[in-house]
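Peer 1: coordinates only, sequence not included:
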C-alpha cells in the first residue's frame, strides 16, 4: 500500500454527459474517506483551472449535496476544451502545472474525459515522472460517443443511448400521426463513431424505430441515400423516419454540410459538426419534392439526466471510486475501464485498469459486422450489447415537480 | 337521463400531445361501460376517417392495452389537419358525415382537439340538429398551446410545460459548463400564445432558467433583443440562454423568419412556423460576433411522454370520461373544461361544461400582467398558475429499459 500523503484534485474535460457529475461524486466521496488524501479539490474548468490556480475545496461541501451530484447532469465544477501544447514544442504549461501541484502538495490527480483527456492525463503524468515528482495520475472515462479503446463501454454512453432510443420511440408515435407523407431526419451526435446513432436501433427492436440508420462507419453515398428513402417512402405510405449521425461522410471524406459549404474547426483541429440533418432535409426536399422535417437532438442528448440509465449512473460513480482506490494503492498512468462478464446469464461489469497509453487518442468504432449488409441498420449483436446498459431509471429527486440538482457551495481554495 | 341508443365515435384532430391518447382512453373506457352506447369506434385520422368510413372497432381491443393508452404519446388512432368546407359554400361534406352517422347509427360524437377542432365539432353538431338527426356532440380539449378560452388550462399543456422546464434546467447545466462565451437560443412551440414558452420560467424559479424569455404576446423588437442579449452577456460572463416562442412577431406583424424570407401557410391558412431560433442565431452572430447555438425542442416537446405530468394524464383521461358521461346525460354542443378550485389550500380541478361556441376559434393568451415590465420574464402569478399542473410523474411502464406503449389491434369496422 502506498503511503504518500497529499491533496487530490479532479479535473473534467470535453463535452459533458448526464453522468459526468456522478463520476466526480465517486472521486470526491471516495477521496474524502482515504487516509492518504489530506484535502480534496475540484479543478474549475479542468486543466485550465489548475493552470490558473482556481479550484474548489470539496471538504467544505455537504455530503448530501455530493450525493446529489450522482443525479445532476453536466459538470458542476466546469469542463473545458483545452489542448495542452506539445511537450517537445513548449514545456511551459507542464512546468506551471508542476509548480501548482507542488505548491498545494497535490499527489493524486484524476482526469475525467474522453480520449483527448486521457492523452492530457498521460502527458502530465509522464512529465511529472520525468521531473521526479511523485504523483498518482488516474483517468476516469467519460463520453457519450462510447469510442474509447479497450473498455467495453464508457460512462455517459448508456444514458445518452437511452435518451436516443426513448426519443425515437416517442417521435415515431408523433411523426406518423397524420395520413399525409412526411419524412423526418433526426441528427444524432457522433463524429467518427456511430455508437450513439446506433442506439436508434433499440427503438426499432421495440417496434418504434427509424426506418433507416446511417452511421459514420459506412461511407455516405447521397445517391444511395435518395434511393433508400424513395424505397421506404413507397413501402411506408409516405412516412419515413431517418436517424443520421452528424459525422457521416462520403468516401472522399467530406461531411454532409461540406457538400454545400465550408465548415469551422475547433481547438483540437476537429471539424465543428452540426447541420447534417438540415442539409439532408433541404437536399431531399428538392430531390423528392416531399415535406421533410430535420430534427436535432442537440445538447439534450447528452444532458437529459431525467432519462439516465441506472446502470450508467452506478458505473460512472463506481469508476470514480475505483480510480481513487487504485491511486491510493500506488497505481498511476491507468484509466478505469469496464469488462463485461456474466453472472447467472445476466450482465455484470468488472472494473479494470487500462494503461492510459492504450486509450489516449485511440478510437473504437462500431464493428462493421454489427451493421446490416444494406448499411442502414444494426444487427442483434448490437441490441445484445446495448440493452443491458440502458436498464433502470435513476433521475434526480423531484421538488415542485422538477428535478432537484446538487447545489455546491463552490468555495474557492485560497491562493497560496 | 337520455335513452337514445347508438354507437359512439371519437376523432382526434390537430397536433398530438403526450396525453391525447389518455383522453381517447377516457372516452373508450367510459363509453364501453355506458348502456346507451352500443358500439365504440375510433375514427382513423379524425374527421377524414369518418368521411372515408375508416374507423376502428374499440370493442375488439383488450382493456389492458386501452389502459396503456394513458401513457402512450400521440394519437394511436391517428390525427388529422383538415379544415371542413364552409357550410354556406358547400354542404357536401356535412351531408356525407350525416350519411355515415346514419349508416352506423352513430349517436355519440366526441371530437378531441384545439380551437379549430371545437369549431369543426360545433359546425357538425349544428348541421345534424338542422337536419333533424339526433346526435350528442361533445368536445374534449387538447393542446400543448393552452390557448383555449374559458377553461383554466388544457390537457397536453402541463406535460409539454414540464418537458420545457425540465429541459431548460438540464440545458442550463450543459450550456454553462465551459468558461468560454456562448449564447444559446431555444425555440419553443406556440403560434400566438406564449404559454409553452412561459414554462421556461419554471426553470428560472428553480434557479436554472434562461436569462431572457420572449413571448408572442409582446411585439418583438430586434434592436431591444440585441440590447437585452448584450446586457446579459456582460452580466453573465458571456453565457446567455434565451427562450423564444416560434411565434414572436414584430409590431408590424412579421414573424422572425419573415425578416429574412417568405414562409409557407398550412391548410388552415396559418403560417408554417419554425426557424425562429436559427434566424435569430444568425443575426446575433453577425451583430455581436459571438458563438450562438440555436436549439429547437421540435416535436419532442409535444410527444415526450416520459416527462408527462401525472396531473395532466389524470385530467386528460378524466376529461374523456366526463365528455361521455355528459353526452349520455343528453348534453350536446359542449366541451369539457377545467375550473381551478382549492381544497385545504391545495390545487383541485373541477370539470365544467363549456358551450362549444365559446371556445371555437377563440384564443386565450398569457395575461400581459403576468409578463415582467421589461418583457423578458414571467411574474410569480404565472409560477403559481403553472406549478400545480406539472406535479407528479406518469411515464409508461418500462420493458427492456424502454417504454411499453399500448399495442392496439386496430380492427377496421367492416364497411356497410
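Peer 2: Arrived safely. If you're wondering where the values come from, they're calculated on a predicted model, not measured in any experiment.
Peer 1: Which stretches in the stretch 201-350 of chain A count as strands?
Peer 2: With DSSP state E, counting those that start in this stretch as the criterion, the stretch 201-350 of chain A has strands at A:212-214, A:239-245, A:292-296, A:334-343, A:346-355.
Peer 1: of all those strands, which lies closest to residue A:416?
Peer 2: strand A:334-343 (29.8 Å; CB to CB). Every C-beta, even on glycine, is put in place using the N, C-alpha and C of the backbone.
Peer 1: What is the least confident helix or strand in chain A?
Peer 2: helix A:276-288 (a mean of 91; mean pLDDT, DSSP states H and E).
Peer 1: From the contact counts, what lies against that helix?
Peer 2: When contacts are defined as 3 or more CB pairs under 8 Å, 6 or more residues apart in numbering or on different chains; DSSP states H and E, helix A:276-288 packs onto strand A:182-188, helix A:222-235, strand A:239-245, strand A:292-296.
Peer 1: Skipping adjacent residues, who's closest to the residue of the stretch 301-416 of chain A found nearest chain B in space?
Peer 2: In the stretch 301-416 of chain A, the residue that lies nearest chain B is residue A:303 (3.8 Å; CB to the nearest CB). Computed as CB to CB, 6 or more residues apart in numbering or on different chains, the closest residue to residue A:303 that is not its neighbour in sequence is residue B:174, at 3.8 Å.
Peer 1: Let me know whether the one you found touches residue A:299 as I believe.
Peer 2: Yes: Residue B:174 is within contact range of residue A:299, at 4.9 Å (criterion: CB atoms under 8 Å).
Peer 1: Please name the nearest non-neighbouring residue to the residue nearest the centre of chain A.
Peer 2: Nearest residue to the geometric centre of chain A (CA atoms, centre = their mean): residue A:143, 1.7 Å. Spatial nearest neighbour of residue A:143, chain neighbours left out: residue A:114 (3.9 Å); criterion: CB to CB, 6+ apart.
Peer 1: who's in contact with residue A:249?
Peer 2: By CB atoms under 8 Å, 6 or more residues apart in numbering or on different chains, the contact list for residue A:249 reads A:216, A:219-220, A:255-256.
Peer 1: most neighbours, which of the residues you listed?
Peer 2: residue A:256 (27 neighbours; other CB atoms under 10 Å in any protein chain shown).
Peer 1: so it makes contact with residue A:278?
Peer 2: No: with contact defined as CB under 8 Å, residue A:256 does not reach residue A:278; the gap is 9.3 Å.
Peer 1: what mean pLDDT does the helix or strand containing the residue nearest to residue A:303 have?
Peer 2: Here residue B:174 sits within helix B:157-175, counting by DSSP states H and E. Averaged over helix B:157-175, pLDDT sits at 97.
Peer 1: just how off-centre is that helix within its chain?
Peer 2: Counting by CA atoms, centre = their mean, to the nearest Å, helix B:157-175 is centred 17 Å from the centre of its parent chain.
Peer 1: What residues does the residue lying closest to residue A:209 once chain neighbours are set aside make contact with?
Peer 2: Counting by CB to CB, 6+ apart, residue A:209 lies nearest to residue A:203, which is 3.7 Å off, once chain neighbours are set aside. Contact analysis of residue A:203 by CB under 8 Å, 6+ apart lists A:164-166, A:168-169, A:172, A:209-210, B:402.
Peer 1: just the buried members of these?
Peer 2: Among the contacts of residue A:203, those that count as buried by neighbour count (16 or more other CB atoms under 10 Å in any protein chain shown) are A:164-166, A:168-169, A:172, A:209-210, B:402.
Peer 1: what's around the closest residue to chain B within the stretch 1-150 of chain A, how many residues?
Peer 2: Closest approach of the stretch 1-150 of chain A to chain B (CB to the nearest CB) occurs at residue A:74, with a separation of 3.8 Å. Residues contacting residue A:74 under the criterion other CB under 10 Å number 27.
Peer 1: What of residue A:291?
Peer 2: Counted with other CB under 10 Å, residues neighbouring residue A:291 total 16.
Peer 1: Same check on residue A:371?
Peer 2: Residues near residue A:371, counting by other CB under 10 Å, number 23.
Peer 1: How about the contacts made by it?
Peer 2: So, once contact is read as CB under 8 Å, 6+ apart, residue A:371 ends up touching A:215, A:217-218, A:377-379.
Peer 1: Go through these and single out the one with the most neighbours.
Peer 2: For the contacts of residue A:371, neighbours tallied by other CB under 10 Å; top is residue A:215, 30 neighbours.
Peer 1: what's near enough to touch that residue?
Peer 2: A:190, A:194, A:197-198, A:245, A:248, A:366, A:371.
Peer 1: How many residues are close by the residue lying closest to it once chain neighbours are set aside?
Peer 2: Closest residue to residue A:215 apart from its sequence neighbours, by CB to CB, 6+ apart: residue A:194 at 2.8 Å. By the criterion of other CB under 10 Å, residue A:194 has 30 neighbours.
Peer 1: from memory residue A:194 sits against residue A:200, does it?
Peer 2: No: contact status for residue A:194 versus residue A:200: not in contact, 9.8 Å apart, counting by CB under 8 Å.
Peer 1: so residue A:149 is in which element?
Peer 2: For residue A:149, there is no helix or strand it lies in under DSSP H and E.
Peer 1: what residue ranges in chain A score low on pLDDT?
Peer 2: For chain A, applying pLDDT under 70 flags the ranges A:1, A:262-274.
Peer 1: One more pass at 80, please.
Peer 2: Within chain A, the stretches with pLDDT under 80 are A:1-2, A:261-274.
Peer 1: Report the contact partners of residue A:200.
Peer 2: A:164-165, A:168, A:186, A:188, A:209-210, A:213, A:243.
Peer 1: Would you mind giving these as TSV with distance to residue A:343 added?
Peer 2: Below are the contacts of residue A:200 laid out as TSV (distance: CB to CB, whole Å):
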residue	distance to residue A:343
A:164	28
A:165	25
A:168	31
A:186	36
A:188	32
A:209	30
A:210	34
A:213	32
A:243	33
